[in-house]
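Q: Here's a sequence, model it:
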Amino acid sequence: MTLHWKLVIDAEDPHAQADFWAEALGYVVEDHSRLIDQLLAQGAAPPDITVESHGHLAWRDLAAVRHPDDDHDELSDAGLGRRMLFQRVPEPKTVKNRVHMDLHSAPGTMEAEVTRLESRGAAVLRRVNEPSGQWIVMSDPEGNEFCVQ
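A: This next block holds a predicted model:
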């Protein structure tokens, strides 16, 4: 049996993180407003757990991005394939990630990709050139490490 999964990342600002990673990966920020509107109308969710993001209601403490070609739930807009969920946590990031993403750029475009990601708020941490390959270790706007190859 194949399992459905998503990558969950703790964040100080889930909406800013979702915007960064949607841009970095070419993903779509999920629009949960139809589900939120329905839950608010039914009295099943209080308004104070929502914020406005991209011109519509969103969950205050959650934001997600999904691959634009993957199936998604029509009501919630939640992706049913490649998906990242960002959840607000009270504490800041304090140590190195134990899991990270590797972004594979097209041949000959690694430096351009790094420059593009820096313009969105990422930072270069170090450049690695080893017999097994070459990559650049970066951090997203909240300090989560990832690599560009």
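Q: which residues in the protein form helices?
A: Assigned by DSSP state H, the chain shows helices spanning 14-25, 33-41, 110-119.
Q: Would you convert the ones you listed into JSON lines that also reports mean pLDDT and distance to Pro47?
A: No exception for glycine: its C-beta is placed from N, CA and C like everyone else's. Shown next, in JSON lines, are these (pLDDT from 0 to 100; distance: least, C-beta to C-beta, whole Å):
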{"stretch": "helix 14-25", "mean pLDDT": "98", "distance to Pro47": "17"}
{"stretch": "helix 33-41", "mean pLDDT": "96", "distance to Pro47": "6"}
{"stretch": "helix 110-119", "mean pLDDT": "97", "distance to Pro47": "35"}
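Q: Can you tell me which of these is packed in deepest?
A: helix 14-25 (a mean of 21; mean count of other C-beta atoms under 10 Å).
Q: Packing partners of it?
A: strand 28-29, strand 62-66, strand 83-88 (3 or more C-beta pairs under 8 Å, 6 or more residues apart in numbering; DSSP states H and E).
Q: what does the first one rub up against?
A: Counting by C-beta atoms under 8 Å, 6 or more residues apart in numbering, strand 28-29 makes contact with 18-19, 22, 53-54, 63-68, all of which sit outside it.
Q: Dump these into a markdown table; add distance to Gly133 as well.
A: A markdown table is the format used below for the contacts of strand 28-29 (distance: C-beta to C-beta, whole Å):
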| residue | distance to Gly133 |
| --- | --- |
| Ala18 | 30 |
| Asp19 | 30 |
| Ala22 | 27 |
| Ser53 | 38 |
| His54 | 37 |
| Ala63 | 32 |
| Ala64 | 31 |
| Val65 | 27 |
| Arg66 | 29 |
| His67 | 25 |
| Pro68 | 29 |
